[in-house]
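>>> This is a predicted model, with the sequence first.
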Amino acid sequence: MTETVERVTLICAACSPEAETVHEVLKPDGLATVRCTECGHVHKEQLPEARTVKRTVIVSQGEESFPASVEAPATETLAVGEEFLLETEEAIMTVRITSLELTEGRTDKESAEDVETIWTRAVGNVSVNVTAHPKSGEHDETRSFALQVPGDYEFVVDDTDELGGEEFTVEGIYLREDATGYEFEKLDYTGDTAVAKDIKRLYVRDESTTAWSAW
């Protein structure tokens, strides 16, 4: 989740000894070092206990979805595309936010306090859909299969891979809508790279030495 400067309301002896003002937390350990946003006075104070909220998380994993929950600081900003560790009854997994549901409608960015449900996709281990054509070149004779790989596994255009009993050369990569950091939705130039959790589908040339069949 996004790192933000923590802010708290405290008494400032320099400019507001009777009413609390907003302070930025510079160093949170022990007696915290804080800075008044009204006058800039830096001083040490005991921080009030941070308030947290418990939110429902819906996790999509392959063709299935299941509910979980997470506690987050009430003032923390959540955003689509961010990833975080989620502890469930079965395992601890890495998930990516795909949508934030409010009381009315959905948004791409909001504080945890105002979010009703966090929609996510598991990205620690993912299934990548692959369309393969024979190395003889016939693109109208294709077959499809899925690869189970770690979410951070890299695929590179024009590189040959051996995975899941398949040998193939990557020719094109189509990216998911929530993938970030890429210039184009489709990658097809030599050396173009994407990690598995960002990939919607791979298009490859089958390098198998066995008889090829689309069925």
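Arrived safely. Residues are numbered from 1 along each chain as shown.

>>> use CA for all of it now, contacts and neighbours both
OK.

>>> care to break the protein down by domain?
In terms of domains, the chain is parsed into 7-45, 52-122, 125-206 (source: automatic domain parsing).

>>> could those be laid out in a markdown table, adding mean neighbour count and mean pLDDT?
Output for the domains of the chain, formatted as a markdown table (neighbours: other C-alpha atoms under 10 Å; pLDDT from 0 to 100):
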| stretch | mean neighbour count | mean pLDDT |
| --- | --- | --- |
| domain 7-45 | 16 | 90 |
| domain 52-122 | 17 | 92 |
| domain 125-206 | 17 | 93 |
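
>>> all helices for the protein, in order.
Counting by DSSP state H, the chain forms no helices at all.

>>> which strand in it runs the most residues?
In terms of residue count, the longest strand belonging to the chain (DSSP state E) is strand 16-27.

>>> Show me what that one is packed against.
strand 7-12, strand 32-36 (3 or more C-alpha pairs under 8 Å, 6 or more residues apart in numbering; DSSP states H and E).

>>> can you do 10 Å?
Counting contacts by 3 or more C-alpha pairs under 10 Å, 6 or more residues apart in numbering; DSSP states H and E, strand 16-27 packs against strand 7-12, strand 32-36, strand 42-45.

>>> List the neighbouring strands of that strand plus their orientation.
Next to strand 16-27 in the sheet, as set by DSSP bridges, lie strand 7-12 (antiparallel), strand 32-36 (antiparallel).

>>> Now distance to A79 too, for those, in TSV please.
Converted to TSV, the strands paired with strand 16-27 look like this (distance: least, C-alpha to C-alpha, whole Å):
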stretch	distance to A79
strand 7-12	19
strand 32-36	27
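
>>> out of those strands, nearest to F168?
strand 7-12 (52.0 Å; C-alpha to C-alpha).

>>> How far does that closest one sit from its chain's centre?
32 Å (C-alpha atoms, centre = their mean, to the nearest Å).

>>> contact partners of that strand?
Defining contact as C-alpha atoms under 10 Å, 6 or more residues apart in numbering, one finds that strand 7-12 is touched by 16-26, 34-43, 45-50, 75.

>>> what's the answer for stretch 188-197, then?
Residues from elsewhere that reach stretch 188-197 (C-alpha under 10 Å, 6+ apart): 96, 121-129, 147-159, 170-176, 178-179, 181-182, 186-187, 202-203.

>>> swap the cut-off to 8 Å and go again
With contact meaning C-alpha atoms under 8 Å, 6 or more residues apart in numbering, stretch 188-197 is reached by 123-126, 128, 149-159, 171-173, 187.

>>> what about that stretch, how long is it end to end?
Terminal residues of stretch 188-197 are spaced 18 Å apart (C-alpha to C-alpha, to the nearest Å).

>>> Next up, the contacts around the nearest residue to S208 once chain neighbours are set aside.
Once flanking residues are discounted, S208 sits nearest to E167: 5.7 Å by C-alpha to C-alpha, 6 or more residues apart in numbering. The neighbours of E167, taking C-alpha under 8 Å, 6+ apart as the test, are 160-161, 206-208.
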